[in-house]
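Visitor: Give me coordinates for this.
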Amino acid sequence: MAPARPRNDLRQYELLADEWWRPSGAFAMLHWIAAARAALIPPATRPDAVLLDLGCGAGLLAPHVARLGYRHVGVDLVAASLDLARRHGVAPVRADVHRLPYTSESVDVVSAGEILEHVPDPSTVLSEACRVLRPGGLLVLDTINDTRRARFVAVTVAERIPGLAPPGIHDPRLFVAPEVLRDACAPHGVRLSVRGIRPAAGALVRWLLTRRGTVPIVPTGSTAVLYQAWGIKEAR
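Guide: So this is what the prediction gives:
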């Protein structure tokens, strides 16, 4: 029997490449979260505006970005994911999100969706995100909190339900608390607002029974499991 892969192994995304755009596939919940993240992004205010999508995967944010009027640039390490992203209109860049190949103050929006719980140093990733943002630019992100409840929900439960999280996709040791993100962004003039989010309960039950349609991601009073954060870079 082949040895089990370590948790958070990038090779899983190569193996699951065909699942990215399948509506009821292994990454279904990421589609729902991408839609909720896109709702925080305003339309572009200039014709050459750029949205930099960190950990873009197969480009699930692309349909939303196209409507908002940005040039959509996606950064990821997985070649198969970037190829899929390109097919959906994303300009793909294979790079490490800890060292972004962009000049300072060069992009209008940075999206860091469901990536910070997969990296060894989220503070460095956010410092880089803030560095490349123009003054007045928007940082928007979502991730999993570093709590016992999050480990139970995101790993023990979600990895047993197809479509919510592929088995082994998360290493709970990498889950990140909101205060870590706030502390990383504040020195760069980006003060984050944070709110908890969750799948709408009734729609989730219907989806689990039928595997059809989508599930809205809605705000919740608790950040104990999944949360969004956003902030505007202050002008000097």
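
Visitor: so residue 81 touches residue 57, yeah?
Guide: Yes. Counting by CB atoms under 8 Å, residue 81 touches residue 57, with 4.9 Å between them. For the C-beta atoms, the positions are set from N, CA and C on the backbone; glycine is no exception.

Visitor: What are the boundaries of the strands in this structure?
Guide: 50-54, 71-76, 91-94, 107-113, 133-144, 193-199, 217-220, 226-232 (DSSP state E).

Visitor: and the longest one, how far out from the chain's middle?
Guide: Computed by CA atoms, centre = their mean, to the nearest Å, the chain-centroid distance of strand 133-144 equals 11 Å.

Visitor: How about it, which residues are buried there?
Guide: 133, 134, 137, 138, 139, 140, 141, 142, 143, 144 (16 or more other CB atoms under 10 Å).

Visitor: Which two among those residues are spaced furthest apart?
Guide: 134 and 144 (28.5 Å; CB to CB).

Visitor: For this structure, which residues score under the pLDDT cut-off?
Guide: Across the chain, the ranges flagged by pLDDT under 70 are 1-4.

Visitor: same thing but 90
Guide: When residues are selected by pLDDT under 90, those of the chain lie in 1-5, 23, 235-236.

Visitor: where along it do the helices fall?
Guide: 11-15, 28-38, 62-68, 79-87, 122-132, 148-151, 178-185, 201-210 (DSSP state H).

Visitor: May I have the residues that are in contact with residue 96?
Guide: Residue 96 makes contact with residue 77, according to CB atoms under 8 Å, 6 or more residues apart in numbering.

Visitor: For the most centrally placed residue in the chain, which non-adjacent residue is spatially closest?
Guide: By CA atoms, centre = their mean, the chain has its centre lying nearest to residue 113, at 1.3 Å. For residue 113, ignoring the flanking residues on the chain, the nearest one in space by CB to CB, 6 or more residues apart in numbering is residue 37 at 5.0 Å.

Visitor: Surely that neighbour and residue 228 touch.
Guide: Yes. Residue 37 is within contact range of residue 228, at 6.9 Å (criterion: CB under 8 Å).

Visitor: Throw the strands of the chain into a markdown table and include distance to residue 187, thanks.
Guide: A markdown table is the format used below for those (distance: least, CB to CB, whole Å):
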| stretch | distance to residue 187 |
| --- | --- |
| strand 50-54 | 19 |
| strand 71-76 | 22 |
| strand 91-94 | 26 |
| strand 107-113 | 16 |
| strand 133-144 | 13 |
| strand 193-199 | 17 |
| strand 217-220 | 28 |
| strand 226-232 | 12 |
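
Visitor: So the residue nearest to residue 113 versus residue 56, what's the distance?
Guide: Going from residue 37 to residue 56 by CB to CB, to the nearest Å gives 12 Å.

Visitor: So for the two, which residue has more residues nearby?
Guide: The residue with more neighbours, out of residue 37 and residue 56, is residue 56; 30 against 24, by other CB atoms under 10 Å.

Visitor: what sits against the closest residue in space to residue 21 that isn't next to it in sequence?
Guide: Closest residue to residue 21 apart from its sequence neighbours, by CB to CB, 6+ apart: residue 58 at 6.3 Å. Residue 58 is in contact with 17, 20, 21, 27, 81, 84, 85, 88, counting by CB under 8 Å, 6+ apart.
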